[in-house]
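In: Here is a sequence with its predicted model. Questions after.
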Amino acid sequence: MLVFAAVVLFVGALFNLVAWPRFFQRVAKDTRARDASGRPTTFYRVHLVLLVIAMAITLASVVAGILLLV
């Protein structure tokens, strides 16, 4: 059961690691990401915070998965 839990954590981490950076690239290219003077908008900052949180969850999932296997 512990191996199954570790695999689930690793799969979730892999999904976050693949999906979020690609999604954020699309956000950064969106016209709503910058204002007329080129500064980041709230739209951009909110998605940046979501990306950082997703990467923190990814790291925590990998660490938890490794701890389950040890």
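Out: Structure's in. What do you need? Numbering: from 1, shown residues only.
In: check contacts around V63.
Out: Residues near V63 by CB atoms under 8 Å, 6 or more residues apart in numbering: none. All C-beta spots, glycine's among them, are computed from the backbone N, C-alpha and C.
In: So P21, which state does it fall into?
Out: helix (DSSP: H, G, I helix; E, B strand; the rest coil).
In: and it, how many neighbours?
Out: For P21, the count of nearby residues is 12 (other CB atoms under 10 Å).
In: Equivalent analysis for T58, please.
Out: 19.
In: what does the model give it for pLDDT?
Out: At T58, the pLDDT value in this model is 98.
In: Return the backbone torsion pair for it.
Out: When read as degrees, to the nearest 10, the backbone of T58 gives phi -60, psi -50.
In: Contacts only, for it.
Out: G12, A13, N16, L17.
In: Also G65?
Out: Counting by CB under 8 Å, 6+ apart, G65 has contacts A5, A6, V7, L9, F10, A13.
In: Kindly write the ChimeraX command that selects the buried subset of these.
Out: Here is the ChimeraX command that selects the buried residues among the contacts of G65 (16 or more other CB atoms under 10 Å):
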select :6,9,10,13
